[in-house]
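**Student:** just coords:
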């Protein structure tokens, strides 16, 4: 299991999963539709476009949604500070913000059905367990910033965005 993505996300070398995961995905009550990660600073795990920055009116915390390819989003939630704006093109390792009290909730959303829907404007996506993304079992596409192409490792073809 690779710790590279968690190291990128936290900005620190991660060698032991148990040291950074506070709580994982839970699809029974009480529900947890993401993973809680111990970290102070939050960095992008892949290149993409910031499509939403929300602020919770109750506790004044930010959530940032980044689209890595059509209908594949990572949501960075429970942010105390936010360093990005809607429309920003970000790269792997760019700072998203800082976690509230050292804990980030990260969510993985796609258009593949699950029992946890997520709506943003007219877009309907569904939340899935983010652990396969965080451990590298599910690979997010790389964005080549020079020409805006999606590069999928292990495939012979390259698709236009």
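**Tutor:** Okay, I see it. Everything numeric in this text was worked out from a predicted model, so none of it was measured.

**Student:** all the helices of the chain, in order from the start?
**Tutor:** 4-10, 131-134 (DSSP state H).

**Student:** elements contacting the last one?
**Tutor:** The contact analysis (3 or more CB pairs under 8 Å, 6 or more residues apart in numbering; DSSP states H and E) places helix 131-134 against helix 4-10. (Glycine included, C-beta is placed from N, CA and C.)

**Student:** would you mind listing the buried residues in the helix it packs on?
**Tutor:** 5, 6, 7, 8, 9, 10 (16 or more other CB atoms under 10 Å).

**Student:** now that helix, how far from the chain's geometric center?
**Tutor:** Taking CA atoms, centre = their mean, to the nearest Å, one finds helix 4-10 lying 11 Å from the centre of the chain it belongs to.

**Student:** hmm, back to that, and residue 67, which of the helices of the chain is closest to it?
**Tutor:** helix 131-134 (13.9 Å; CB to CB).

**Student:** now do the contacts for the spatially most central residue of the chain.
**Tutor:** Per CA atoms, centre = their mean, the C-alpha nearest to the average position across the chain is that of residue 74, at 2.9 Å. The contact partners of residue 74, taken as CB atoms under 8 Å, 6 or more residues apart in numbering, are 45-46, 48, 65-66, 68, 106-109, 130, 133, 140.

**Student:** find the nearest non-adjacent residue to residue 59, please.
**Tutor:** Counting by CB to CB, 6 or more residues apart in numbering, residue 59 lies nearest to residue 100, which is 7.9 Å off, once chain neighbours are set aside.

**Student:** follow-up on the earlier one: now for the helices of the chain, which one comes closest to residue 85?
**Tutor:** Closest among the helices of the chain, using CB to CB: helix 4-10, at 20.2 Å.

**Student:** packing partners of the closest one?
**Tutor:** For helix 4-10, the packing partners by 3+ CB pairs under 8 Å, 6+ apart are strand 35-38, strand 41-43, helix 131-134.

**Student:** quick check: mean pLDDT of it?
**Tutor:** On average, the pLDDT along helix 4-10 is 83.

**Student:** what's in contact with it?
**Tutor:** Outside helix 4-10, the residues touching it (CB under 8 Å, 6+ apart) are 13-14, 17, 20, 37-39, 41-45, 92-93, 104, 106, 133-136.

**Student:** if any of these are buried, give me the ChimeraX selection for them.
**Tutor:** In ChimeraX, this line selects whichever of the contacts of helix 4-10 come out buried by 16+ other CB under 10 Å:
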select :14,20,37,39,41,42,43,44,45,104,106,133,134
